[in-house]
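Chemist: build me a model:
(chains A and B)
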Amino acid sequence: MFGAHYKLERHSIGFALAIIVVASIGGLVEIAPLFTIDETVEEAPDMRVYTPLEQAGRDIYIREGCYACHSQMIRTLRDEVERYGPYSLAVESQYDHPMQWGSKRTGPDLARVGGKYSDEWHVAHLNNPRDVVPVSVMPAYSWLSRNTLDMSDFDLRLNALSKIGVPYSEEMIANAQADAYGQAMPNSDRAAGVVERYGEATNVRSFDGNPDRVTEMDALVAYLQVLGRLTDAAYRNDSEEALEE
Amino acid sequence: MVGQLTKTERQFGLAIAVLVTLLGLAMAAAGRQDLLGVHGLIVVAFGVGAAFLVISGAHLPEPAKERLAHYYDDPIKVGIILSMIWAIFGLFIGVWVAALLAWPELTFDAAWSSFGRLRPVHTTSVIFGFGGNALIATSFHVMQRTSRARMPDQLSPWFVLIGYNLFCVLAASGYFIGITQSKEYAEAEWYADLWLVVVWVTYLVLYLRTLARRQEPHIYVANWYYLAFILVVAMLHIVNGLAMPISLASAKSYPIFSGVQDAMVQWWYGHNAVAFFLTAGFLGMMYYYLPTRAGRPIFSYRLSIISFWGITFFYMWAGSHHLHYTALPHWVQTLGMTFSVMLLVPSWASAANALLTLNGAWHKVRDDATLRFMMVAAVFYGLSTFEGSFLAIRSVNSLSHYTDWTVGHVHAGALGWVALITFGAIYAVVPKLWNRKSMYSWKLVEVHFWLALAGTLVYVFAMWNSGIIQGLMWRTYNESGTLAYSFLESMIAMHPYYVARTFGGLLFLTGAAVGFYNIWKTIKEAPAVQEETAPDRPATMPARVGTVEAGE
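Modeler: Reported below is the predicted structural model:
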């Protein structure tokens, strides 16, 4: 073996090729099957896509780096399930490009935070967490209510997502701006289209409490309120046996 | 600088600079409604700056043929200085984000200065800015010395160095203004990612071309590691960076993978960025600077071979240990754990090889802080690889994951291993590059050493404490069978450790600033060596050298 190596290390191209081959094996064995094996992602026919407003909120979540402090992945451990709710299933992040599972919990897990608090709570909390939770170390995001939501490229966003596998219809893409506006403007004529395209369960309301315009706060709160609520699969799942202490 | 380039190289350099400027203009024009426009202007600034530099030296005479009898070290010098600038900047941001977790109000009411945006600026500046520039600079030094050959041309090393720094600037500035993919340690957007591919391929070709000119039959082990670093980082970067831009006029893109597949690709990338950027590259550094500084040959050639191939093979399986107990299929988690544990063998083989090399030179370790930097780095490498294998065990990971323990572990590696070996290598190479007898002040090297070591220890101990307390509080039950602590209680318990961690970081930053000052003074003031150190030259080239192909 050492003799062969003695020869190999006289050839730079050969050596480079050997590195590529040896380094490729692990990734191929672990990653390739994830795309082909059916059990990787569960079936959930009720799974819906994000509305344009929620997707915009998600993009803000990414932009602000919320993932640096919050996970969105409840592990199959008893204490996590008791603290945060049923453990996360793969299907729940099926349309998440990229996933936001996170790696650090400076703050609590957010996978099931949707519906846990009122909109007013979220707005006050994001505006300055210490107004609501005096000891909090979370940053204040006061500019979110000040910034009007820029919707100009929402059709492009949905279109790009549809190209990589999120099932947005052409109608959804064509109406992306109108739907984003309508979801945060319940009294506008555009509100009805959102429910029609994304389902009865869609939250249509002024999330930031300001009925005059659509802000980045509207989008982010709309996203937070839908976390863990795109499908009921996790609640239907018979979770007890998989749990570990 | 420009005087060293041949006339043809100056023309090519100018052409590239103009091309980059045009690209930047196109980005600025297409993206004028978008954040992309801001980055377009940065690219223009780089292009114009480079063009200006070339033009300002255009009148200089063609460099003398005599230069070919020397190594080409100018880009190395610039790389070392850039690396130190990034270090100070990145460490400063690190101390700031650490302080924010203890005192969240310590910032401005502005988006750019909030924790979530600063954190990737910190990681990118220290990993890619500081670490990457140090790797590129030292690899240029090592590949020439161990091949006893000069680099094949003078333009491509500059392209690699400046191009790489353009990438770092685009990445870090992007996070401030809200351009990010949120993929940890790969947050840069699609166009910056594409640019890095161009730079990286040039880097690989330059490396192989230099090796092809080598006057030694064998490729020295340090080069194996640098090669693995370049090749595997290219693989990781390309696969993990695959993304769909929403339009060519926008900075925004969506990664093509989603959910569980994205998680697996992300941590296959993330863990191997640790393996091939922060480990293999720096092992290359260690395998050259530690034995040369100690004046001892590497302890065992066979151990080098075993550990090299072990690391190259095993690491690539280990990423899934970041996803224990998640929605990732169980068999992948188990594979990741198994290989992570096995990784301990080649990792410790490397650490042992380094430390045993010092046998017979321990008096030098005592007296020479530069060598001591490298020795302590090897010890931290051994400790943190042990800890890494330990944390990859499922049941241990159930406690440590999501807590500060991981952060402490990363910094045992990043500060204790990566930064210390880099400082050691820089102190070893700076006097040589600038032709000085020694560093300006050996006492300041001592000061830096103790600040760095103390800072690392304070940091790591603080995070062990906070991480383990946090993990235990989350899973503790009352007698009545309910969870004993709220999340908030666990957060409040972290405060003293976050204060301590900030202090540790401040020590480390101060050390780096002392180092920067010392390096600056060495360049400006230290007495020069009178006669040239004779052996530090490439071997004389046989005539056919121009036609030699890579691989013999």
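
Chemist: contact partners for residue B:241?
Modeler: B:186, B:190, B:193, B:255 (CB atoms under 8 Å, 6 or more residues apart in numbering or on different chains). C-betas here are computed from N, CA, C, even on glycine.

Chemist: same thing but at 10 Å, please
Modeler: Residues near residue B:241 by CB atoms under 10 Å, 6 or more residues apart in numbering or on different chains: B:181, B:183, B:186, B:188-190, B:192-194, B:196-197, B:253, B:255-256, B:265, B:269.

Chemist: same question, residue A:213
Modeler: Per CB under 10 Å, 6+ apart, neighbours of residue A:213: A:148, A:149, A:181, A:184, A:185, A:206.

Chemist: my read: the fourth one touches residue A:211, true?
Modeler: Yes - here residue A:184 reaches residue A:211: they are 8.9 Å apart, a contact under CB atoms under 10 Å.

Chemist: who touches both of the two?
Modeler: Counting by CB under 10 Å, 6+ apart, the residues touching both residue A:184 and residue A:211 are residue A:205.

Chemist: higher neighbour count, these two?
Modeler: The neighbour comparison of residue A:184 against residue A:211 (other CB atoms under 10 Å in any protein chain shown) goes to residue A:184, with 28 against 13.

Chemist: check the gap between that one and residue B:481 for me.
Modeler: Residue A:184 is 43 Å from residue B:481, where distance means CB to CB, to the nearest Å.

Chemist: of the contacts of residue B:241, which are in range of chain A?
Modeler: Restricting the contacts of residue B:241 to those near chain A by CB under 10 Å from any CB of the partner chain leaves B:181, B:183, B:186, B:253, B:255, B:256, B:265, B:269.

Chemist: so who does the second one touch?
Modeler: When contacts are counted by CB under 10 Å, 6+ apart, residue B:183 touches A:62, A:67, A:98-99, B:120, B:240-241, B:243, B:255, B:257, B:262, B:265-266, B:269-270.

Chemist: can you show me the helices along chain A?
Modeler: Assigned by DSSP state H, chain A shows helices spanning A:2-8, A:12-36, A:52-63, A:78-84, A:119-127, A:129-132, A:143-146, A:154-163, A:170-174, A:176-184, A:191-198, A:216-224, A:233-236.

Chemist: what do you get for the stretch 251-400 of chain B?
Modeler: B:259-272, B:281-294, B:301-318, B:330-342, B:344-357, B:362-367, B:369-391, B:394-400 (DSSP state H, counting those that start in this stretch).

Chemist: now render these as a markdown table, adding mean pLDDT.
Modeler: As requested, the helices of the stretch 251-400 of chain B are arranged in a markdown table below (pLDDT from 0 to 100):
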| stretch | mean pLDDT |
| --- | --- |
| helix B:259-272 | 97 |
| helix B:281-294 | 97 |
| helix B:301-318 | 96 |
| helix B:330-342 | 96 |
| helix B:344-357 | 97 |
| helix B:362-367 | 97 |
| helix B:369-391 | 98 |
| helix B:394-400 | 97 |
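
Chemist: make a markdown table from those helices and add distance to residue B:46 and mean neighbour count to it.
Modeler: What follows is the helices of the stretch 251-400 of chain B, written out as a markdown table (distance: least, CB to CB, whole Å; neighbours: other CB atoms under 10 Å in any protein chain shown):
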| stretch | distance to residue B:46 | mean neighbour count |
| --- | --- | --- |
| helix B:259-272 | 26 | 24 |
| helix B:281-294 | 24 | 25 |
| helix B:301-318 | 34 | 21 |
| helix B:330-342 | 40 | 19 |
| helix B:344-357 | 37 | 20 |
| helix B:362-367 | 42 | 13 |
| helix B:369-391 | 33 | 23 |
| helix B:394-400 | 42 | 19 |
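
Chemist: give me the pLDDT for residue B:539.
Modeler: pLDDT recorded at residue B:539 is 79.

Chemist: quick revisit: out of the helices of chain A, flag the one nearest residue B:208.
Modeler: Ranking the helices of chain A by proximity to residue B:208 (CB to CB) places helix A:12-36 first, at 5.5 Å.

Chemist: okay, the angle between the closest one and helix B:301-318?
Modeler: Compare the direction of helix A:12-36 with that of helix B:301-318 by axes from the mean of the first three to the mean of the last three CA atoms, to 10 degrees and you get 20 degrees.

Chemist: and helix A:12-36, what does it pack against?
Modeler: Packing contacts for helix A:12-36, counted by 3 or more CB pairs under 10 Å, 6 or more residues apart in numbering or on different chains; DSSP states H and E, involve helix A:2-8, helix B:190-212, helix B:221-241, helix B:259-272, helix B:301-318, helix B:330-342.

Chemist: quick one: distance of it to the chain centre.
Modeler: How far helix A:12-36 lies from its chain's middle: 30 Å, per CA atoms, centre = their mean, to the nearest Å.

Chemist: again, but for stretch B:317-332
Modeler: Relative to the centre of its chain, stretch B:317-332 is centred 26 Å away, using CA atoms, centre = their mean.

Chemist: low-confidence regions, the chain specifically.
Modeler: Picking chain A for this. Scanning chain A for pLDDT under 70 picks out A:238-242, A:245.

Chemist: not quite, go with chain B.
Modeler: B:530-535, B:540-552.

Chemist: show me how it divides into domains.
Modeler: Using automatic domain parsing, the domain parsing of chain B gives B:1-61, B:72-530.

Chemist: just name the most buried of the ones you listed.
Modeler: Neighbour counts (mean count of other CB atoms under 10 Å in any protein chain shown) averaged over each of these peak at domain B:72-530, with a mean of 21.

Chemist: wait, isn't residue B:138 in contact with residue B:73?
Modeler: No - between residue B:138 and residue B:73 there is no contact under CB under 10 Å: 11.6 Å.
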